[in-house]
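Peer 1: need a 3D model of the sequence below.
(one chain, ligands or ions: 1)
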Amino acid sequence: MSRKDFIDKDIDRRVAQINISSASTEPTGLPVSTGSAGSFTSVGSVGSVGSMSSIGSNKHTSSPLSRPVKPSYSHEGLPNSAIDYCVPNDMNDRYNENPDDTVPTLPYQPKPIRNQSHSRAFSTPLNTRPASPYTLNPPIDADGLSWPSIGARKRIDSTPEEAVQRQKKIEDAIRTILIELGEDVNREGLIRTPERYAKAMLFFTKGYEDNIKDVINQAVFEEDHDEMVMVKDIQIYSLCEHHLVPFYGKVHIGYIPNKRVLGLSKLARLAEMYARRFQVQERLTKQIALALSQILHPRGVAVVIEATHMCMVSRGIQKTGAVTCTSCMLGCFRSQQKTRDEFLALLNRNASI
Ligand SMILES: [Zn+2]
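Peer 2: Now for the predicted structure:
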């Protein structure tokens, strides 16, 4: 079969698949609501994540014929419409192959384009997440603070005198709490506790002062590597924003580069930056994944966090030993079961070193 025949046949097959896909999705073609596809709250439910249904409503599949994609490669002698649906060069790549013929294959999607306006460039990182408050705002904003809280800028910009004033205010508040709890704040053991606690809280929340550009510190390297990179067991300590008590555990980060890699220690720094803020585990997971996808424009990002929440084990339901597991899968980790399985297999493998 000549290449032209092959391409013609492929176009027919894809158009047929697109028709099937369009018929089975929302007629409006609008992004689906936030939903939980692509992430799971326990490892056991992994089989159901990343289904093609959410991707089926992506604008590229809902109206591909009316929005032809400008190809970045050329095929001489072919009409434009054929070029738009040519098989991209990396179609047979292990992370793009789709062994299941019953699932429609996505048409060629362009790589993320830089210098787009924020709302468009960050609306769906890696074109795989439906719109949500996490995706509608840029993971890394103009000043690099990345989802700063309302007083973060003031805290960073405070003068030494203002910083002392801030700590004194926190100390006073702690003293009030101790008094209201029935303690004697003047006894020897407690007399300096407000000061110690204020300093500790400023440390626990030091992530508000971190700037992602300093955290990354130019450690993005051009590297011809397209295999999975994974760093496991990054220890984190964070504070539950609902109870202001710690949760702690391990972050596992994997990604598949697209010619760009990040210095390995920066993955841990990224996790540390977001963990040292008031958090919920679900948001922490997403923030790490979305920031990494924005920094590297990789082909996929996977983040899994396993953590123990003190508000759960030492109060309330008091289930000691309960571990909460959250994940965020982007790009090929979301769309390709094989890639996700490879990540989870590496995750469950006990290191021999
Ligand atoms: Zn809590």
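Peer 1: drop to CA atoms for contacts and neighbour counts, all remaining ones
Peer 2: OK.
Peer 1: can I see the domain layout of this protein?
Peer 2: Domain segmentation of the chain under automatic domain parsing yields 3-35+50-115, 152-208, 219-348.
Peer 1: keeping just the C-alphas, turn the helix or strand where Arg196 lies into CSV.
Peer 2: Using DSSP states H and E, Arg196 sits within helix 193-204. C-alpha atoms of helix 193-204 as CSV (Å, rounded to 0.1, in the frame of the first residue of the first chain):
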residue,chain,number,x,y,z
THR,A,193,5.9,28.9,74.2
PRO,A,194,4.1,31.7,72.3
GLU,A,195,7.4,32.9,70.8
ARG,A,196,8.4,29.3,69.9
TYR,A,197,5.1,28.5,68.4
ALA,A,198,5.0,31.7,66.4
LYS,A,199,8.4,30.9,64.9
ALA,A,200,7.3,27.3,64.2
MET,A,201,4.2,28.5,62.4
LEU,A,202,6.2,30.9,60.3
PHE,A,203,8.4,28.0,59.4
PHE,A,204,5.5,25.6,58.7
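Peer 1: just after it, pick out the following helix or strand.
Peer 2: helix 212-216.
Peer 1: could you find the closest non-adjacent residue to Ser314?
Peer 2: Thr320 (7.3 Å; CA to CA, 6 or more residues apart in numbering).
Peer 1: can you pull the contacts of that neighbour?
Peer 2: Thr320 makes contact with Met312, Val313, Ser314, according to CA atoms under 8 Å, 6 or more residues apart in numbering.
Peer 1: need phi/psi at the residue lying closest to Leu264 once chain neighbours are set aside.
Peer 2: Using CA to CA, 6+ apart and skipping the chain neighbours, the partner closest in space to Leu264 is Val231 (7.5 Å). Per-residue torsions, Val231: phi -120, psi 120 (degrees, to the nearest 10).
Peer 1: beta partners of Val231?
Peer 2: Note on Val231: beta-bridge partners by DSSP bridges are Ile253.
Peer 1: correct me, but it touches His252?
Peer 2: Yes: using CA atoms under 8 Å, Val231 is in contact with His252, at 5.9 Å.
Peer 1: between those two, tell me which one has more neighbours.
Peer 2: Each of Val231 and His252 has its neighbours counted (other CA atoms under 10 Å); His252 has more, 22 against 17.
Peer 1: and the more buried one, what does it touch?
Peer 2: So His252 contacts Met230, Val231, Lys232, Asp233, Ile234, Val303, Val304, Ile305, Leu347 (CA under 8 Å, 6+ apart).
Peer 1: how many neighbours does the fourth one have?
Peer 2: Using other CA under 10 Å, Asp233 has 15 neighbouring residues.
Peer 1: am I right that it is in a strand?
Peer 2: Yes: the assignment for Asp233 is a strand, going by DSSP: H, G, I helix; E, B strand; the rest coil.
Peer 1: surely it meets Leu267?
Peer 2: No: using CA under 8 Å, Asp233 is not in contact with Leu267; the gap is 11.3 Å.
Peer 1: which residues touch the nearest residue to Gly249 once chain neighbours are set aside?
Peer 2: Excluding its sequence neighbours, the residue lying closest to Gly249 (CA to CA, 6+ apart) is Ala307, at 4.0 Å. Applying CA under 8 Å, 6+ apart to Ala307 gives the contacts Phe247, Tyr248, Gly249, Lys250, Gln281, Val323, Thr324, Cys325.
Peer 1: what helix or strand is the closest residue to the fifth one other than its chain neighbours on?
Peer 2: Taking CA to CA, 6+ apart as the measure, Gln281 lies nearest to Thr326, with 7.1 Å between them; neighbours along the chain are not counted. In this structure, Thr326 is located in strand 324-331 according to DSSP H and E.
Peer 1: so what strands line up beside that strand?
Peer 2: strand 300-309 (antiparallel).
Peer 1: who in the protein is up against the ion?
Peer 2: Cys240, His242, His243, Cys311 (CA under 5 Å from the ion).
Peer 1: show me the contacts for the third one.
Peer 2: By that I understand His243. Per CA under 8 Å, 6+ apart, neighbours of His243: Cys311.
Peer 1: what are the phi and psi values for it?
Peer 2: With angles defined as degrees, to the nearest 10, His243 sits at phi -120, psi -10.
Peer 1: what do you get for Arg349?
Peer 2: Arg349 adopts backbone torsions of phi -80, psi 130, taken as degrees, to the nearest 10.
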